[in-house]
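Asks: Just need the structure, nothing else, for what follows:
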Amino acid sequence: MDTIHRSHTNASIRFKEKLKAVKLNLKVWNNERSDAEWGRSKGLRKALEDIDRKMELGVNVAELNSERRAHLLELGVLDKRKDLESSQKIKSKWTLEGDENSKFFHAYLKKRRRVNYVKGIKVNGVWLDDPIDVKTAFFEYHSSRFRRVDGNVRLDLSSLNFKTLSPFLASGLSARPSLGESARSRIGSLATSGLGAGEDL
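Replies: Residues are numbered from 1 along each chain as shown. I've put the predicted structure just below:
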């Protein structure tokens, strides 16, 4: 019996050690990948700054514009991956701790604010990118959509064809409800047979 116990224990210990080794290897791999992505992201941002400087000078604008677009696309993919990874880590930590003053809570609010932030909007063919102008444009658009209609204006519904009830069905709506003759006779027979309250019919 002792031999069986030792063999089970040894197998469990070996399995635990294998899991530890896998965890350690995954940690090293994840750190290397994160460092590589961080370096690539930093390089892309630097390249974008250089491209913007060259575009301001007017050098090869069409070629630089396509290169800039490719860099922005790759940078967006890297940023999204980083956001998803950090969001996943923080969510699991926040689930355990559940504190509204935690980094996750504030990071999540910042992320939502960043995602929902509108940098610019085109109004009547003019591009607005000043935050106050953008807010004003949104306010005016939505306030015009939900503005109270003048009380004297009446909607004309005569052109709409609504479904209507026939006169016979309409009269049935206003008539008093009544029991059929068979139901009346059944209730009368129950009352005369002495069936008491609470008994089955």
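
Asks: Doesn't residue 127 belong to a helix?
Replies: No - counting by DSSP: H, G, I helix; E, B strand; the rest coil, residue 127 falls outside a helix, being strand.

Asks: mind showing which ranges of the chain have poor pLDDT?
Replies: In the predicted model of the chain, residues 1-9, 98-102, 104, 148-155, 177-182, 191, 193-201 satisfy pLDDT under 70.

Asks: by contact count, what packs against the helix ranked longest in the chain?
Replies: Longest helix in the chain by number of residues (criterion: DSSP state H): helix 2-57. Applying 3 or more Cβ pairs under 8 Å, 6 or more residues apart in numbering; DSSP states H and E, one finds that helix 2-57 makes contact with helix 61-97. C-beta coordinates here come from the backbone N, C-alpha and C atoms, glycine included.

Asks: For the helix it packs on, name the packing helices and strands.
Replies: Counting by 3+ Cβ pairs under 8 Å, 6+ apart, helix 61-97 packs on helix 2-57, helix 103-116.

Asks: and the gap between the most centrally placed residue in the chain and residue 105?
Replies: By Cα atoms, centre = their mean, the mean C-alpha position of the chain lies nearest to residue 112, the distance being 10.2 Å. In this view, residue 112 and residue 105 are 11 Å apart by Cβ to Cβ, to the nearest Å.
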